[in-house]
Structures are given as structure tokens and as C-alpha cells.
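S.K.: I'll drop the sequence and a predicted model, then ask my questions.
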Amino acid sequence: MKTTKTMAVVPTLGLVTLLASTPLATAGDPWVSAEPRFPVRVALISPIRAQDRSIQYHAGWPLTFRIIPRVDVSLIVPSVPGGPASAWPEVGATSFMMLRDLDDCPSAGGRIIDPDGMPICPDISGDELWLEFTPDEDAPGVADESGDDALREAMKDPARRSTVTFMGETHTFGPRVSDTRDGLGFGANDDLPGFVLLADAGVGVMLSDLGTTTSDGATLTTGWAPLAPAVSRNLAGFMTSVGYELNDERLRTTITTSLIVPRHLTERRFLEDQCFEAVPGVCETYRRVDGGPPVPATDANLDNYDVTLRAFVVQGEAPDTLIDCDADGVVTADDATCMGYDVLSRERVLTFRQIGRADECNLLSDPWGSAADAGRSFVDFDGNGNFISLSCPGGSTGGGLPPRQRGSER
């Protein structure tokens, strides 16, 4: 098998070296024709028992994925500014994992350029498969300078957030996005632009705008329903770390991305009317959960339900939203293909039972800066002019024996 030679090339960040540690594919290699459809696999590292629909609290648990190449790879590594090329990717160094390069001349979609800003190699369609990554760790509200500048800026766009305006006040759902360019927010991750993370509950699902209508002199709420066809936000921008291993336990070069799940990332959003008069003169609490119809408030529709996450990788920059392009009722990796993206992996599906939620009575310090309305907003479903009668209970102690699911006890 032909191997690459060391050569000097320059991406947008500076001088790089193509490392000859592992062979790249060439047109004459016999294994190229037998290459699997997807050159990488997305493995779920945590939660470990995800295939058994594990139980997780609404926040505080680790979500970790590993991207594992199915083919031999080489790395393109940028230099440290003002110095020689680094031997291997370092923290803050945007690098490229080459999964295929038929002409042995890497371009990474035109990202690899010379000091004059010209591509070192031609960007030939179908010639390469590659994955961009930047070893980095992000923190909410802490300025970050590593990764893709444009993506980091785009994650600050208020239009990407899940919001609702009622009676002149705007309420934001989900983890709050800091105005600081910290590399955390909705959309593609600046340190792993090709990664996609979708959720079928909470802020991952896009809803129509909330509106009002007048009927018999009463102002009623309208809208705030799932879009058709369905549209999902890419939550990959909330992953807080990206790292890699030169050699894992099976001598593969892999990329790992992780997150400690914050409050409101996968919690259901809800509108609440605490004085809905199903019977005239009798106030009851009704909710619209994740855009559904008004229903009586119960713990079951907010504190105990299944959430499905889907993770996969595309070449280049992933979209900030994905649409149900094939109209099968769910947004998946197939829709990314339908939208014209080159999908590099099958999707990894994680379904877990989520319990608990955070609300305005929970004054726990939140490092993400989530405000009291990050999961709930009060509205008037029946137009009686009365929709809030909130009172917070006294403090108490939490904890106890963790819930378990074994065998058929699901």
C-alpha cells in the first residue's frame, strides 16, 4: 500500500505537516473499492447502558461520543504561529483527519493553503474524505479563541435560540447562551464542525411562533406548534470538549467529544396557565408541553419521559438546523443526506428515560446562567385574564435510592 510523504502545506491557521504515520488510500489500492459506505463510526461512551434505555436525571450526567475511523488515516497538523510545525495536534490547533485522499495531495475542501492564501492542492470532487477537529475545552461565559471563528460567532445569534414572546416579555428556553464568544451555543461546534446532535424533546425541536387571537372578547394563545415538516436544531454546539487519541486500545486514532448535560438541554418546554377554567369559576393548571395541546398539569408529562438523541458526522460544516427532508416524520442522518451533506457515519441513537426538571422555585446556582423561565412561560389559554398563582414550597432534602430498570421492569 502506498504511503504518504512528509510535505509542507499551510491551512488558514498557518504551516502544517502531513504526517506519514499511517497510509492513505490511492486509486490503485485494492481495498478502496471495498471501502464501507461510512468511513467512521460514532460510538457512545457514556451513558454506558444507553441501549437498555437507562434512567438519567435532567442534568449533571456525562454525554460522551467517540468518532472511530474504519479506514487508515493520516493527520494534517498546523504549526504554532512563529514556530515549526507541531508533531501532533495540540490544544487549540485546528487539524484535519484525512480518511481518504486518492491523489495524495490534501486540500480539506480548500482549507489547506500556502502563505499567499492559495490552495496547496486542488479541491477535486470525490477525491477526499476528511474531518476537521480542534483539541479544546470550552466553559460557559469564558472567552475562547480556538476553533472556527465564524462558527463561534454564529452560536451567539439570538435567532437560533428557543424563545416565546407573551404580553411584551420574551422568554428564552433551554441553556442560556452567553454573549461571550465561548464556543458554546446552538449550531455546529466550532471545535468539531462536522458533528451533529439532535434531540426529539425540548429545545432541539423547533416550534412555530406564539401568537394570540381574539374570540368573544377574550384573547387566546395560538401557534407554538411543531413545524411541518419537522425541523430540529443542531445541539452539537453545546459539547464542551474535543480531544483525540493517537492510539486507542486497538491502535486507532480517534476523536472524543463530551458534555456534562446542563439543565434545560433536553427538558420539555411548556406554557402554563395556572387558572384555566375548564369549569367556570374553578381554576385548574393546564399546560402545553413541547407544542402539544393544553392538558391538565401532571408530573408525568414533565418529570418522567423518554428522550431520543441522534449523533452522526458529516464532512465539512454541519447545518445549524436540519429539516425532515424525506418526510418520514423524524429528523435523522438520512435527512442530512437528503439536504446534500456528505454523511460520514451512521447515526448513533440513544434513548433514555429522563426524570426531574428545574423550575423557578429551584434557586440552585447554574453555571450555564439559565434563568427561571428557561423551561416555562405563563400564558392565558382560556382568555379569563388570570394565568398565574405561583407559590414556592419550603426547602427540603433530595436524594434516596436511585431508580433502576432491569429486564422487563421498564
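M.R.: Nice, I can see it. Numbering: from 1, shown residues only.
S.K.: In PDB, list the C-alpha atoms belonging to stretch 64-82.
M.R.: Backbone C-alpha positions of stretch 64-82 (Å, rounded to 0.1, in the frame of the first residue of the first chain) are rendered in PDB as follows:
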ATOM      1  CA  THR A  64     -19.600  11.300  25.600                       C
ATOM      2  CA  PHE A  65     -19.100  10.100  22.000                       C
ATOM      3  CA  ARG A  66     -16.100   8.800  20.200                       C
ATOM      4  CA  ILE A  67     -15.500   9.000  16.500                       C
ATOM      5  CA  ILE A  68     -13.700   5.900  15.200                       C
ATOM      6  CA  PRO A  69     -12.300   5.700  11.700                       C
ATOM      7  CA  ARG A  70     -13.000   2.400   9.800                       C
ATOM      8  CA  VAL A  71     -10.100   3.200   7.500                       C
ATOM      9  CA  ASP A  72      -6.400   4.100   7.800                       C
ATOM     10  CA  VAL A  73      -5.900   7.800   8.500                       C
ATOM     11  CA  SER A  74      -3.300  10.500   8.400                       C
ATOM     12  CA  LEU A  75      -3.300  13.800  10.300                       C
ATOM     13  CA  ILE A  76      -2.600  17.300   9.000                       C
ATOM     14  CA  VAL A  77      -1.300  19.400  11.800                       C
ATOM     15  CA  PRO A  78      -0.900  23.200  11.900                       C
ATOM     16  CA  SER A  79       2.200  24.900  13.100                       C
ATOM     17  CA  VAL A  80       2.500  27.000  16.200                       C
ATOM     18  CA  PRO A  81       2.500  30.700  15.000                       C
ATOM     19  CA  GLY A  82       6.000  31.800  14.500                       C
END
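S.K.: distance between that stretch and the chain's centre?
M.R.: Centroid separation for stretch 64-82 versus its chain: 20 Å, with C-alpha atoms, centre = their mean, to the nearest Å.
S.K.: What ranges does the stretch 1-150 of the chain have for its strands?
M.R.: For the stretch 1-150 of the chain, the strands defined by DSSP state E, counting those that start in this stretch cover 7-9, 16-18, 40-46, 55-57, 62-69, 74-78, 95-101, 128-133, 136-137.
S.K.: The longest one: partners in the sheet, and parallel or antiparallel?
M.R.: It stands for strand 62-69. Strand pairing for strand 62-69, using DSSP bridges, gives strand 40-46 (antiparallel), strand 254-260 (antiparallel).
S.K.: Next: the shortest one.
M.R.: The sheet places strand 136-137 alongside strand 241-245 (antiparallel), with pairing taken from DSSP bridges.
S.K.: Which residues does stretch 150-161 contact?
M.R.: 144, 172-174, 177, 179, 181-190, 193, 203, 233, 237, 317, 320 (C-beta atoms under 8 Å, 6 or more residues apart in numbering). (Each C-beta comes from the backbone N, C-alpha and C, glycine too.)
S.K.: Just the ones of those residues in strands?
M.R.: Among the contacts of stretch 150-161, DSSP state E puts 172-173, 233 in strands.
S.K.: Lowest-confidence one in those?
M.R.: Going through these one by one, the lowest pLDDT turns up at Thr172, 85.
S.K.: Which residue is the nearest non-sequential neighbour of that one?
M.R.: In space, and not counting its chain neighbours, Thr172 is closest to Thr163: 5.0 Å by C-beta to C-beta, 6 or more residues apart in numbering.
S.K.: what lines up beside the host helix or strand of that neighbour in the sheet?
M.R.: Using DSSP states H and E, Thr163 sits within strand 162-166. Applying DSSP bridges, strand 162-166 is found paired with strand 169-173 (antiparallel).
S.K.: What's the mean pLDDT across the helix or strand following the partner strand?
M.R.: Once strand 169-173 ends, the next helix or strand along the chain (criterion: DSSP H and E) is strand 195-199. Average pLDDT, strand 195-199: 98.
S.K.: Helix or strand next in line after strand 195-199, which one?
M.R.: By DSSP H and E, the next helix or strand past strand 195-199 is strand 210-215.
S.K.: Can you list the buried residues in that next one?
M.R.: Buried residues in strand 210-215, defined by neighbour count with 16 or more other C-beta atoms under 10 Å: Leu210.
S.K.: Tell me the helices and strands packed up against the helix or strand harbouring Ala278.
M.R.: Assessed by DSSP H and E, Ala278 sits inside strand 270-279. Counting contacts by 3 or more C-beta pairs under 8 Å, 6 or more residues apart in numbering; DSSP states H and E, strand 270-279 is packed against strand 282-289, strand 376-378.
S.K.: Out of the ones you listed, which is the most enclosed?
M.R.: Mean neighbour counts were taken over those using mean count of other C-beta atoms under 10 Å, and the top value, a mean of 21, falls to strand 376-378.
S.K.: As TSV, the helices and strands packed on strand 270-279 with distance to Ile68 and mean pLDDT would be great.
M.R.: Shown next, in TSV, are those (distance: least, C-beta to C-beta, whole Å; pLDDT from 0 to 100):
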stretch	distance to Ile68	mean pLDDT
strand 282-289	37	90
strand 376-378	40	79
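S.K.: Throw those strands into a markdown table and include distance to Thr214, thanks.
M.R.: Formatted as a markdown table, the helices and strands packed on strand 270-279 follow (distance: least, C-beta to C-beta, whole Å):
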| stretch | distance to Thr214 |
| --- | --- |
| strand 282-289 | 19 |
| strand 376-378 | 19 |
